[in-house]
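**Student:** sharing a model prediction with you, sequence too.
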Amino acid sequence: GQNIDQPTEMTATEGAIVQINCTYQTSGFNGLFWYQQHAGEAPTFLSYNVLDGLEEKGRFSSFLSRSKGYSYLLLKELQMKDSASYLCAVPSYSGAGSYQLTFGKGTKLSVIP
Amino acid sequence: GAVVSQHPSRVICKSGTSVKIECRSLDFQATTMFWYRQFPKQSLMLMATSNEGSKATYEQGVEKDKFLINHASLTLSTLTVTSAHPEDSSFYICSAIPGQGGHNEQFFGPGTRLTVL
């Protein structure tokens, strides 16, 4: 089965840097996703990591360590619009070949002036 | 990027009625679509995987006779909540994967907020 753990809430100041951690246990590893979800809206894709290391994409970067079962999302130069929930998710395949995403409970980030 | 739409975006219904939610992939074909449910302050919970031309695969604890899924074409999947009750009030979100599936990016619809009175 899949188990994903991330902090429930975080607060950071506009212009600062924040790191949102995610630890996971999976029966098989097929990569890790990060999604952003604003209240009342559907999630939007941020990143997908399958190899160890840091992948940078503008203000957002995502890091993965497969040996540690650990990932983090790094947000730089925080803006008020970055206030949202950030979801860590891992895909898995069943024996029958079906595919699904298991989401963590999400980290609600509040950016304050 | 790929776009997924849902209709309606918001629906209020009386207890005991049925509600149909549509999920469409607008600019791509999707063999597989997913239906999620999200209660307030909780994460997305996968309800079922919808496969075009075959029966949906339901997650444990999800009643297939209550949540009817029809994936009649490569661009449309529908979720019907039958005999809805207040505890079914939730945010229902669909997603789709372009092409034949795999662990690629899922594109999410904007969600449907269901309120059952």
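**Tutor:** Received, thanks. Residues are numbered from 1 along each chain as shown, chains lettered A, B, ... in the order given.

**Student:** chain B contacts on chain A?
**Tutor:** Counting by C-beta under 8 Å from any C-beta of the partner chain, chain A comes close to chain B at A:30-31, A:33, A:40-45, A:48, A:87, A:91, A:93, A:98-106. The way it works is simple: take the backbone N, C-alpha and C, and place the C-beta from them, glycine included.

**Student:** so B:Arg10 is in contact with B:Gly111, correct?
**Tutor:** No: counting by C-beta atoms under 8 Å, B:Arg10 does not reach B:Gly111; the two are 9.2 Å apart.

**Student:** these two: which is more packed in?
**Tutor:** B:Gly111 (23 against 11; other C-beta atoms under 10 Å in any protein chain shown).

**Student:** and that one, how far from B:Thr17?
**Tutor:** 20 Å (C-beta to C-beta, to the nearest Å).

**Student:** just give the number of residues close to the spatially closest residue to A:Ser65 that is not a sequence neighbour.
**Tutor:** Leaving aside its chain neighbours, A:Ser65 sits nearest to A:Asp52 (5.8 Å; criterion: C-beta to C-beta, 6 or more residues apart in numbering or on different chains). By other C-beta under 10 Å, 11 other residues sit near A:Asp52.

**Student:** distance-wise, check A:Asp52 relative to chain B.
**Tutor:** Using C-beta to the nearest C-beta, to the nearest Å, A:Asp52 is found at 17 Å from chain B.

**Student:** out of the residues of chain A next to chain B, which sit inside strands?
**Tutor:** Among the residues of chain A next to chain B, the members falling in strands are A:Phe33, A:Thr44, A:Phe45, A:Tyr48, A:Leu87, A:Pro91, A:Tyr93, A:Tyr99, A:Gln100, A:Leu101, A:Thr102, A:Phe103 (criterion: DSSP state E).

**Student:** output the below-cut-off pLDDT ranges for chain A.
**Tutor:** A:1, A:94-98 (pLDDT under 70).

**Student:** thinking again about what came up before, list the contacts for the residue nearest to A:Ser65?
**Tutor:** Going by C-beta atoms under 8 Å, 6 or more residues apart in numbering or on different chains, A:Asp52 touches A:Leu64, A:Ser65, A:Arg66, A:Ser67.
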